[in-house]
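# Pasting a predicted model and its sequence here:
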Amino acid sequence: MFGLAACAGIHRKAPEPAAPQSFYTVTGEIALARHQPRVAALQYAAAAAHDTDLGLLARAADVAAECLQPSLAEQIAARWTEVDPKSVEAQRAAARAALALHKIGNAAAHYHFVLVSSPLGTDAEFAALETELGGNDNIFGARQLADRLASSFPSSAAALRVQGFTALRADDPAAAVQSFTAALALPPASAAHAPDTGETEENRRRDLQQSLARARIMAGDAEAPLAQAQEKVQHEDTSVNRLDYALLLMTAQRDSAASQQLELLAHNAEYAPVALRLLGLVEFQEGHLDAASVKFAELLRADKYLDDAYYYLGLIADRHDDPEHALRLYAQVQNGENVLPALLRATTLLEKHGAAAAGEELLDRLIEDEPLRAPDILAARARMYAESGDLARALTLLDAGVMEYPDSVDLRYARASTYEEQGRVGAALHELANLVNLRPDDPGALNALGYTLADHSRDLPRARRLIERAHAAAPKNAAILDSLGWVLFRQAHSAEAESFLRMAYAEDRGGDIAAHLGEVLWQLGRSADAEHIWSEARALDGDNRLLKSTRQRLHTAPTASAASPPAVPPVAPHTAAN
């Protein structure tokens, strides 16, 4: 009976209960234990559809959210708010589901209810929302939501903080400067009204001032913030002030000066670990792998930042073509944001070196251990299949993934990319156009469709309009800048294209952007400049297929016309979300 109920529910909305409520909750829990998230959420949605038990409705909403099923979570939250219209938690559940679906107006309405009704108070709820949105995958949606909420609370420093941080994360530092400046202009919150975050008001303002300085630098106004930070160090030479100055220098990409400050900090026992970590990152990003290895090895000896150290040492061993050592290092990454990329890279190495079965087993365990990252893992697994030449298997996996997680944008992007690699450009464009229809104000979706049109020289005026809309929303996003440069190149505006591609490359020295910038330079007759860019990127992203294929293609056809750039191999759509 359970199997029939599960199969029947996969393709449609939650059914009306035709059995006792306990049937749906029990089978939902069984599905959770079996790692069947879609089935679990459907069963709980069916149980909640006509029930008035507040405990059940709360549990159903939690299950749908944890199983990454926002459409079902939205239905459950609607029922919950119908039964208990004054419930702050029901409104919060509805808000989170709406944001996941990029229904920004709905999300703003529900969060507004939470902010004005919560017994914790508006500022405390804004502080919680700041943390929540800071980790939300829908970066552009979070920013649009914060803008709406800030307009409803124009005199709230807490609202302006959230607006500023989400704008900064969404690659609009100029907007962040305005929000942070406005927040600092308001009088400090009294102790009675300050959010209980464990921070003093003085520390909150200091954090805001440092964020303002960082935003100003990212917006192109570097000299004054750096001078102020340097003067502060000279006036009061504390480790905190020196670290702040070093971080701002890194933001301004003045790595040599930042390294000097960090080397001084490394002599302070308390600050040595953070200084070594940052020094290692600077060296790694500059392509100085041996120097980076020394810093990360020091962290291991100090027993600090172990996960970062193991991960980057694994990457360095990988770059040095030492897969056995790299695998041992990746296996040591246990916590933090690098766990998933470390295990995915380990799986790729196993596949590449003839241990495909071990790689498959690792991915199976990874989905069980990291259920909230399941769509990312499925997309990465499909990418591995595609890169090994098995596009059919990749597409089969993605189709199954979309069935299990129908609201996942990442899986849709991955499927569009796979269609493209199969030569089914029309299917790829159809997939991306559907996303734009669902999320018409999402810069990531606009950019992905615009870039794919441009990359295949289809409807270039439309492609440019889409990308320009994305650029207006996220003017410093590297992927969007790259797309804008690329569509200009396709329209034979090579000089203008170079300007945008250089801005993109300044933000992200990855292989795709380097390939595009190098091609534009090549077509402008500056082959030496192109070779320099490619060599620089190869040190950091040597396995990049587009970088390799572009260089090879242009070497064999050096006189290609800039007015009619040759087609390039398909790459993953530019989602602009990173």
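All right, it came through fine.

# Show me what the biggest helix by length in the chain is packed up against.
Criterion DSSP state H: the longest helix present in the chain is helix 201-218. Using 3 or more CB pairs under 8 Å, 6 or more residues apart in numbering; DSSP states H and E as the contact test, the elements touching helix 201-218 are helix 157-169, helix 173-185, helix 223-235, helix 239-251. Any C-beta I mention is one placed from the backbone N, CA and C, and that applies to glycine too.

# Which stretch among the ones you listed is buried most, on average?
Mean neighbours per residue, mean count of other CB atoms under 10 Å, is largest over the helices and strands packed on helix 201-218 for helix 157-169, with a mean of 26.

# Just the angle for it relative to helix 201-218, thanks.
Orientation check (axes from the mean of the first three to the mean of the last three CA atoms, to 10 degrees): helix 157-169 against helix 201-218 gives 30 degrees.

# got the angle between the longest helix of the chain and helix 173-185?
Inter-element angle recorded for helix 201-218 and helix 173-185: 150 degrees (by the same axes, to 10 degrees).

# mind checking how far helix 201-218 is from the chain centre?
When distances are taken as CA atoms, centre = their mean, to the nearest Å, helix 201-218 is centred 23 Å away from the chain's centroid.

# For it, which outside residues touch it?
Residues outside helix 201-218 that contact it (CB atoms under 8 Å, 6 or more residues apart in numbering): 161, 164-165, 168, 173-174, 176-177, 180-181, 183-184, 188-189, 191, 194, 197, 199, 222, 224-226, 228-229, 244, 247-248, 251-252, 476.

# average pLDDT for it?
Mean pLDDT, helix 201-218: 93.

# ok, and for it, which residues are buried?
In terms of neighbour count (16 or more other CB atoms under 10 Å), helix 201-218 has its buried residues at 204-205, 208, 210-218.

# Quick one: residues contacting residue 53.
By CB under 8 Å, 6+ apart, residue 53 lies in contact with residue 21.

# for residue 66, same thing?
Neighbour list for residue 66: 37, 371-372 [criterion: CB under 8 Å, 6+ apart].

# Drop anything exposed from these.
Neighbour-count burial (16+ other CB under 10 Å) applied to the contacts of residue 66 gives residue 37.

# Just the closest of the contacts of residue 66 to residue 116, please.
Nearest to residue 116, judged by CB to CB, of the contacts of residue 66 is residue 372 at 29.8 Å.

# Tell me the spacing between that closest one and residue 298.
Residue 372 sits 33 Å away from residue 298, going by CB to CB, to the nearest Å.

# residue ranges with poor pLDDT in this protein?
1-18, 189-199, 558-578 (pLDDT under 70).

# from the contacts of residue 66, which single one is nearest residue 312?
Residue 312 has its nearest neighbour among the contacts of residue 66 in residue 372, at 24.3 Å by CB to CB.

# Skipping adjacent residues, who's closest to the closest one in space?
The shortest distance from residue 372 to any non-neighbouring residue, by CB to CB, 6 or more residues apart in numbering, is to residue 68 (6.9 Å).

# Was I right to think that neighbour contacts residue 37?
Yes: applying CB atoms under 8 Å as the test, residue 68 and residue 37 come out as touching, 6.5 Å apart.

# Find residues that contact each of these two.
With CB under 8 Å, 6+ apart, residue 68 and residue 37 have common neighbours 374, 405.

# want to throw the contacts of residue 66 into TSV with distance to residue 534 and secondary structure?
Below are the contacts of residue 66 laid out as TSV (distance: CB to CB, whole Å; DSSP: H, G, I helix; E, B strand; the rest coil):
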residue	distance to residue 534	secondary structure
37	43	helix
371	40	helix
372	37	helix
